[in-house]
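[1] Sequence plus the predicted model coming up.
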Amino acid sequence: MRAARFHQYGPADTLIIEDAPEPIVGPGQIRIRVAAASVNPVDWKIRSGAVQEAIPADLPAIPGQDAAGVVDQIGAGVPDVKIGDRVFGLTNFFGAAAEFAVLSYWAPVPSQWTLEQAAGAGLVVTTAATALNALGDLKDRTLLIEGAAGGVGSAAVAIAVGRGARVVGTASAPKHDFLRALGALPTTYGTGLAERVAALAPNGVDVALDVVGSGSLPDLVAIVGAENVVTLADYTTAPGLGVRLVIADNNSASLAEGAELGARGIYTPHISESFPLERTGDAHDHVQRGHTLGKVILTL
């Protein structure tokens, strides 16, 4: 099968397109013929070797966790899936950027999504859901999301709105219409955040989620208190402030919640850039530069 692989840690140009052995489905897993895969920040960090102690690669390795496509093999003990079903989901850190991929967690693709959109949903949905679960019941509460326009942030907005929350989201000014379309009240980040948020939410904010780790945790703590803040990104500052640091819990239930929101028209993954598999290195470079609106995907 065609696949993007890296034979050593390094920059994006270490990725090459070549023939690779097809993956073998195991118990409790499914294999899909990949229509599209997404590129997440963790993918370039793995490829570069920046996180090799935490997530070592068995070289040569195929990058990618997110994929969507059509089921072509089903492992032992897997119920309620048929050959030919359209699904999206997650690998175990590697293998998505290829013609075939084995998924450990998955959900049906709602009819409202294309397979390309579905490819951008898996990791951001499970990451966002994990963080929001840590904040408790959100119904009729006001949530502030720092970094709301990226892949995880926009998924968090949609899930929170679906759970009945009022959402204030920060992003640069050109992204505010995007946040309004998701159902959030937008504002800019940086100095004066507390005052801007107070103007948008005069009855106060109950909880806050930091998605980007841009150094705003002291501001979020001042707004809602440390016990009401969760961060996905600020590993350095969180412990000293008493803020909870959350790590994504990949599971099929969160994927199903994202799919259900898609079926209701509340959440549609936003694709900012699309690259063919042959340009996987360019896609990694694009994501590594940051400031992406939504998701970057590979098409096969």
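    That came through, no problem.

[2] if I've got this straight, T280 is in a strand?
    No - T280: not assigned to a strand; according to DSSP: H, G, I helix; E, B strand; the rest coil it is helix.

[3] I figured it was touching P63, is that so?
    Yes - at 7.4 Å, T280 counts as touching P63 under the criterion of CB atoms under 8 Å. Every residue, glycine included, has its C-beta placed from N, CA and C.

[4] Overlap of the contact sets of these two?
    Common contacts of T280 and P63, defined by CB atoms under 8 Å, 6 or more residues apart in numbering, comprise 4, 15, 39, 97.

[5] Relative to A57, how far out is the third one?
    Spelled out, that is V39. 16 Å (CB to CB, to the nearest Å).

[6] F100 too?
    To A57, F100 is 19 Å away according to CB to CB.

[7] which element is the spatially most central residue of the chain on?
    Nearest to the mean C-alpha position of the chain, by CA atoms, centre = their mean, lies V124 at 1.8 Å. V124 belongs to helix 122-134 when assigned by DSSP states H and E.

[8] Now find how far off-centre the following helix or strand past that helix is within its chain.
    Later in the chain than helix 122-134, the nearest helix or strand by DSSP H and E is strand 142-146. Distance of strand 142-146 from the chain centroid (CA atoms, centre = their mean, to the nearest Å) equals 17 Å.

[9] before we move on, the earlier item: V39 and A57 - which one has more neighbours?
    V39 (33 against 19; other CB atoms under 10 Å).

[10] which secondary structure elements does the helix or strand harbouring V34 contact?
    Secondary structure assignment for V34, by DSSP H and E: strand 30-39. If you count contacts as 3 or more CB pairs under 8 Å, 6 or more residues apart in numbering; DSSP states H and E, strand 30-39 packs onto strand 66-74, strand 100-103, helix 115-119, helix 280-289, strand 295-299.

[11] can you pull the buried residues of the helix or strand that comes right after that strand?
    Downstream of strand 30-39, the next assigned helix or strand under DSSP H and E is helix 41-48. For helix 41-48, burial by neighbour count (16 or more other CB atoms under 10 Å) applies to 41-44, 46-48.

[12] Including pLDDT, could the residues you listed go into CSV?
    Converted to CSV, these look like this (pLDDT from 0 to 100):
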residue, pLDDT
P41, 87
V42, 88
D43, 92
W44, 90
I46, 93
R47, 94
S48, 92
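
[13] Kindly indicate which of those lies nearest T130.
    Set against T130, the nearest of the buried residues of helix 41-48 by CB to CB is V42 (14.2 Å).

[14] separation between the nearest residue to H284 once chain neighbours are set aside and G150?
    Excluding the flanking residues, the one nearest H284 by CB to CB, 6 or more residues apart in numbering is A12, at 4.2 Å. Distance of A12 to G150, given as CB to CB: 20 Å.

[15] Looking at those two, which is more packed in?
    G150 (23 against 18).

[16] Mind exporting the C-alpha coordinates of stretch 61-71 to PDB?
    The C-alpha coordinates for stretch 61-71 follow below in PDB (Å, rounded to 0.1, in the frame of the first residue of the first chain):
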ATOM      1  CA  ALA A  61       6.800   4.700  11.000                       C
ATOM      2  CA  ILE A  62       3.600   5.900   9.400                       C
ATOM      3  CA  PRO A  63       2.400   9.100  11.100                       C
ATOM      4  CA  GLY A  64      -1.200  10.000  12.000                       C
ATOM      5  CA  GLN A  65      -4.000   9.100  14.500                       C
ATOM      6  CA  ASP A  66      -7.100  10.400  12.700                       C
ATOM      7  CA  ALA A  67      -8.600   8.700   9.700                       C
ATOM      8  CA  ALA A  68     -11.900   8.200   8.000                       C
ATOM      9  CA  GLY A  69     -12.900   5.700   5.300                       C
ATOM     10  CA  VAL A  70     -14.800   2.500   4.600                       C
ATOM     11  CA  VAL A  71     -14.500  -0.600   6.700                       C
END
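
[17] Thanks again, I'm all set now.
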